[in-house]
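[1] got a structure for you, letters missing:
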């Protein structure tokens, strides 16, 4: 079995009063020294790599940027959009300081020797779902029998779909797997390229249902955690080498991001406005409802933002191990830490 932990020491969560006190400060407590230095000398550079093009998963980052909270903390932030080299590779190689990533990428990266560790859950609840046109009548996993699933053919993707269908008493062998025709399920479903595909509720479902007015149905993964595990997608990761050599920089950066995400939960409209100010090409009709949706899904409460759970990590890695997607001796406990939160 993979090496797992049932508990992990993490900082005590702030009380509501303490959280309000922190928000009242111009500079997060963990950044005080950097901010004081920043008034007399150049701001400290910090690079944050996105996992995708800018979207509402990044609300806390752009809100903090728009409010000037990074600069107040003595930080000069560079946002890097993903390229041919993955963000995890950049962080592991010391070419970036922090990265938005996903648990399903971090685990295999660590298996290959990458020096990366998760330090915060950006979205506590997995917002993945299977989306279909309502007319196709897919209301539960076993309804996928005889249907076509459009995907990328990934091993984890297939294992999760198989587990969902089997758990509901269906036969996954009766589900046809076909490749995605485009990266836009609106186009593919409209052209009857397949019957269902994997999307994210906070973006794809809102865009298709609320913006485009399509009559769609979804099977949210969060409704089937008795069949498949939850996992963190996205999360924030750093290198353990950087954590040891310049903890103050990472601590400060995450403090500001925490403030940004907490405020995004309290004021999703303000967060949407901040994202659109920096990325005006995004569709306001999509960004605003997405921001309001995520305000209720980033974490149970603003004070809980970022906290990871040992049981979630353990169950996810156990699923990977069961399906030969992670080695039996994978050290789950070493893959994540909450020590920068607090």
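    Looks like it arrived, so ask away. Not measured: the values here are computed from a predicted model.
[2] what about the protein, any weak spots by pLDDT?
    1-30, 32-41 (pLDDT under 70).
[3] for it, what spans make up the helices?
    Per DSSP state H, the chain carries helices over the ranges 16-24, 32-38, 59-67, 69-72, 87-92, 103-111, 155-167, 185-190, 206, 240-245, 247-266, 268-278, 284-295, 310-322.
[4] Save those as a markdown table, and put in distance to residue 49 too.
    For the C-beta atoms, the positions are set from N, CA and C on the backbone; glycine is no exception. A markdown table is the format used below for the helices of the chain (distance: least, C-beta to C-beta, whole Å):
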| stretch | distance to residue 49 |
| --- | --- |
| helix 16-24 | 26 |
| helix 32-38 | 21 |
| helix 59-67 | 11 |
| helix 69-72 | 15 |
| helix 87-92 | 4 |
| helix 103-111 | 12 |
| helix 155-167 | 22 |
| helix 185-190 | 26 |
| helix 206 | 25 |
| helix 240-245 | 13 |
| helix 247-266 | 12 |
| helix 268-278 | 16 |
| helix 284-295 | 20 |
| helix 310-322 | 22 |
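[5] Please report how far residue 270 lies from residue 67.
    Distance, residue 270 to residue 67, by C-beta to C-beta, to the nearest Å: 9 Å.
[6] Spit out the residues that contact these two alike.
    Counting by C-beta atoms under 8 Å, 6 or more residues apart in numbering, the residues touching both residue 270 and residue 67 are residue 263.
[7] Among the helices of the chain, which comes closest to residue 197?
    helix 185-190 (4.9 Å; C-beta to C-beta).
[8] picking that back up, got CSV for the helices of the chain, with distance to residue 342 and mean neighbour count too?
    Formatted as CSV, these follow (distance: least, C-beta to C-beta, whole Å; neighbours: other C-beta atoms under 10 Å):
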stretch, distance to residue 342, mean neighbour count
helix 16-24, 10, 12
helix 32-38, 15, 16
helix 59-67, 17, 24
helix 69-72, 18, 20
helix 87-92, 22, 23
helix 103-111, 22, 20
helix 155-167, 32, 18
helix 185-190, 39, 18
helix 206, 33, 23
helix 240-245, 15, 14
helix 247-266, 9, 23
helix 268-278, 23, 20
helix 284-295, 22, 20
helix 310-322, 17, 20
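[9] quick one, which of the ones you listed is nearest to residue 130?
    Closest to residue 130 of these is helix 155-167 (C-beta to C-beta; 7.8 Å).
[10] Which elements pack onto that closest one?
    strand 148-151, helix 310-322 (3 or more C-beta pairs under 8 Å, 6 or more residues apart in numbering; DSSP states H and E).
[11] Can you list the strands that the first one pairs with?
    Neighbouring strands of strand 148-151 in its sheet, by DSSP bridges, are strand 176-179 (parallel), strand 196-200 (parallel).
[12] Out of the ones you listed, which gets nearest to residue 97?
    Across the strands paired with strand 148-151, residue 97 has its closest neighbour in strand 196-200 (25.8 Å, C-beta to C-beta).
[13] picking that back up, between the helices of the chain, which gets nearest to residue 228?
    Of all these, helix 155-167 comes closest under C-beta to C-beta, at 5.1 Å.
[14] and the gap between residue 230 and residue 154?
    18 Å.
[15] Looking at these two, which one has more neighbours?
    Per other C-beta atoms under 10 Å, whichever of residue 230 and residue 154 has more neighbours is residue 230, with 20 against 12.
[16] distance of that one from residue 191?
    Taken as C-beta to C-beta, the span from residue 230 to residue 191 is 32 Å.
[17] Hmm, residue 100 is touching residue 60, no?
    No - contact between residue 100 and residue 60 fails when scored by C-beta atoms under 8 Å: they sit 10.5 Å apart.
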